[in-house]
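1. Could you work out the structure for the sequence below:
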Amino acid sequence: MQEREPKPEPRPTRGRRPRPVAAPPRLLAAIDVGSDAIRMAISELVSGSPDLRHVEHLSVPISIGADTFQTGRISSATTRKVGQTLKDFRAVLDTYQVPAARAVTTTAVRDAANRDVFIDRVERISGIRLEVIEAIEETRLLYQYIDHSIGARFGFRRGVCMVLSLGAGSTEIIIQRDGLIVFAETRQMGTLRLVQTTRVPQPSLTSALEAFLGKVSRSITRIHDLPPVGHLIVLSDPLPKLLARAGRTETDLGAMVIARGEFLRLFHALEHESPDDLAERYGLSHAEAERGRVALLELNAFLDITRARRVAFPEASMLDGMILDARSATEAAARTGEPPLWRQIDSAACALGQKYRFDEHHSRQVQALALQLFDGLTEVCGLDPASRLYLSVAALLHDIGTFVSDKAHHRHAAYLISASEIIGLSQAELDEIALIARFHRKAFPGPGSPELAALPPARRVEVTKLAALLRLADALDRDHMQRVERVRIEAQEDVVVLYARSRHAARESFTVNEYAVRSKSDLFAETFGLRIEVREELG
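-> Just a heads-up that it's a prediction; the model follows:
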């Protein structure tokens, strides 16, 4: 093979040259330092419209993942390239008079042993501080943009739909039923990562990858008892380009679509082609061909566990999600009083509870009562809407530890919550929710509690307050019979009276719950300095 001349150092590619503006419009910017490239988008808010107008999109192919996935560390040469590229991006932001942009980095930096040194050196070179986000945050950003841009198209809000994001470093999987998430998970099997970490000779690589991917896809449906998937939406950079040049595809409302039969025909025709052959035949770069081929294998494995008759490839990226997130987060909170994705967080948490065979009627009852207590004691508690969300999730999942054992199930629940992924919640938030569930029974948190030691003082107080409310809500349904329809709260000088509206006229039926409230009100009394009294109101 003829030796190629070395390519010049990559520079930002852009749609048009930026021009200085005297009175800049409302611009938002985001930077994604990914496993195989660094990208920046600048978008303009369109007055009176939910849409964003793309002003600038820059992309530089730098494969951080090639370092991390091979050696576990990011090299000095790659660090310098990233720093210089971000310095160039900073200059573009200055030209557009955008004061700041959220700059995130994902799995290739997150998994690097020297990530802290890398982030520090990049900031010294460029003046941009990178935020290392968790895998579930990547999933949230992608999902939020797809939900905004696709709407009900391609089966996204009807029936059972799977969304696959086939990234370079990881694969995000979301399954939802009628628009509500029932499963969200990130797998460390990105297209670049699989090439770099699969330790088999090249002739056997395809067979090894097919066997591994098939095992992963089948295990997901088996372990999580998921419903049959009828619709499939895929996000991928190189795969749509490969499929469009190799076979018969169509365009539907801005997305590329391929029929199941045509995809399977192409799969069997291309699966054993080498990246060099694919690159030469279809006019792709070697990197595009290599990653596109792995994405082909990955999609085939997941398509096999669905009933989807076609696959849609909409144009969406995490950058789009970041831009949308910057605009919509505060708007949604101001409009509804709830954090973004509240319904999806609740749906995903409920799916987690179902995975561990929780008593859904009891959990929903405790959740409803806990939120009534929170709302009725707002002035007493002094907590914000985010705290309300944490209480809601903790109440829903407080008993999932019984899946492991009824003995010490509060501790098992805390572990299971902390070890899980729930879209829209960070690991730190999950850890806090786990602690709230942990203290819904038995000993309550004190100054020397090792579980709380790692939290800052304000967070320790928040956990204690929310655990106190959860204990009361759980006590109001102590017999798991959902006898209390709702709670009316009356806060007096030194006592809080809970008027529990009961469905049953028999006094004896309420006694168990009344006794439980008295026995579990100790944490509330200590935290808020108020006694609890409970009185039954007949419905």
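2. okay, CA-based contacts and neighbour counts for the rest of this
-> Noted.
3. count of residues packed around the closest residue to Ile489 other than its chain neighbours?
-> In space, and not counting its chain neighbours, Ile489 is closest to Leu498: 5.0 Å by CA to CA, 6 or more residues apart in numbering. Neighbour count of Leu498, defined by other CA atoms under 10 Å: 23.
4. which strands and helices sit next to the helix or strand harbouring Leu498?
-> Assigned by DSSP states H and E, Leu498 falls within strand 495-502. If contacts are counted by 3 or more CA pairs under 8 Å, 6 or more residues apart in numbering; DSSP states H and E, strand 495-502 sits against strand 484-491, strand 531-538.
5. could you give the mean pLDDT of that strand?
-> For strand 495-502, mean pLDDT is 85.
6. Show me which positions of it end up buried.
-> When burial is assessed from 16 or more other CA atoms under 10 Å, strand 495-502 yields the following buried residues: Val496, Val497, Leu498, Tyr499, Ala500, Arg501, Ser502.
7. Tell me where the stretch 151-300 of the chain has helices.
-> 191-197, 202-224, 238-246, 260-270, 275-282, 286-303 (DSSP state H, counting those that start in this stretch).
8. of all the ones you listed, which lies closest to Phe524?
-> Shortest distance between Phe524 and the helices of the stretch 151-300 of the chain, using CA to CA, is found for helix 202-224: 37.2 Å.
9. which parts of the closest one are buried?
-> Neighbour count says helix 202-224 has Leu205, Thr206, Leu209, Glu210, Leu213, Gly214, Val216, Ser217, Ile220 buried, by 16+ other CA under 10 Å.
10. For Leu523, give me the pLDDT.
-> On pLDDT, Leu523 comes in at 87.
11. right, I mislabeled it, should have said Val104
-> 95.
12. can I assume it sits in a strand?
-> Yes. Under DSSP: H, G, I helix; E, B strand; the rest coil, Val104 sits within a strand.
13. for it, what are its contacts?
-> Val104 is in contact with Ile31, Asp32, Val33, Leu130, Glu131, Val132, Ile133, counting by CA atoms under 8 Å, 6 or more residues apart in numbering.
14. In PyMOL, select just the buried ones from the residues you listed.
-> To isolate the buried subset of these in PyMOL, counting by 16+ other CA under 10 Å, use the following:
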select buried, resi 31+32+33+130+132+133
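15. Now, the contacts of Val104 that are in strands?
-> Ile31, Asp32, Val33, Glu131, Val132 (DSSP state E).
16. separation between the second one and Arg90?
-> I take that to be Asp32. From Asp32 across to Arg90, the span is 13 Å (CA to CA, to the nearest Å).
17. which residues do those two both contact?
-> Common neighbours of Asp32 and Arg90 (CA under 8 Å, 6+ apart) do not exist.
18. who's Gln176 bridged to?
-> In this structure, Gln176 bridges to Cys161, Ile181 when assessed by DSSP bridges.
19. Where does the prediction get shaky in the stretch 101-250 of the chain?
-> 199-204 (pLDDT under 70).
20. ok, now with 90
-> For the stretch 101-250 of the chain, applying pLDDT under 90 flags the ranges 101, 134-153, 157-158, 182-227, 237.
21. Contacts only, for the spatially closest residue to Ala437 that is not a sequence neighbour.
-> In this structure, Ala437 finds its nearest non-sequential neighbour in His398, 4.7 Å apart by CA to CA, 6+ apart. Neighbouring residues of His398 by CA under 8 Å, 6+ apart: Ser363, His410, Ala413, Ala414, Ala437, Arg438, His440.
22. Now render the residues you listed as TSV, adding pLDDT.
-> Formatted as TSV, the contacts of His398 follow (pLDDT from 0 to 100):
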residue	pLDDT
Ser363	93
His410	89
Ala413	92
Ala414	91
Ala437	94
Arg438	92
His440	87
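23. Most neighbours out of those, which is it?
-> Result: Ala437 is most packed of those (other CA under 10 Å), 34 neighbours.
24. Tabulate the helices of the stretch 151-300 of the chain in JSON lines, adding columns for distance to Leu391.
-> Listed next are the helices of the stretch 151-300 of the chain as JSON lines, based on distance: least, CA to CA, whole Å:
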{"stretch": "helix 191-197", "distance to Leu391": "37"}
{"stretch": "helix 202-224", "distance to Leu391": "25"}
{"stretch": "helix 238-246", "distance to Leu391": "42"}
{"stretch": "helix 260-270", "distance to Leu391": "44"}
{"stretch": "helix 275-282", "distance to Leu391": "51"}
{"stretch": "helix 286-303", "distance to Leu391": "35"}
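25. Out of these, which gets nearest to Ile74?
-> That would be helix 191-197 among those, by CA to CA, at 14.2 Å.
26. Which residues does that closest one contact?
-> 35-36, 65-66, 69-70, 166-170, 209, 291-292, 294-295.
27. Quick check on those: which are buried?
-> Buried, going by 16+ other CA under 10 Å: 35-36, 65-66, 69, 166-170, 209, 291-292, 294-295, out of these.
28. Kindly indicate which of these lies nearest Gly283.
-> The closest of those, once distances to Gly283 are taken by CA to CA, is Gly292, at 12.5 Å.
29. ok, now which ones touch that closest one?
-> For Gly292, the contacting residues are Thr191, Pro238, Leu239, Leu242, by CA under 8 Å, 6+ apart.
30. Name the nearest residue to the first one, sequence neighbours excluded.
-> This means Thr191. Nearest to Thr191 is Ala168, by CA to CA, 6+ apart, at 4.7 Å.
31. mind checking how far that neighbour is from Leu243?
-> 18 Å.
32. got the contact list for the nearest residue to Gln144 once chain neighbours are set aside?
-> The shortest distance from Gln144 to any non-neighbouring residue, by CA to CA, 6+ apart, is to Gly321 (6.2 Å). Taking CA under 8 Å, 6+ apart, we find Gly321 in contact with Leu141, Leu142, Tyr143, Gln144, Tyr145.
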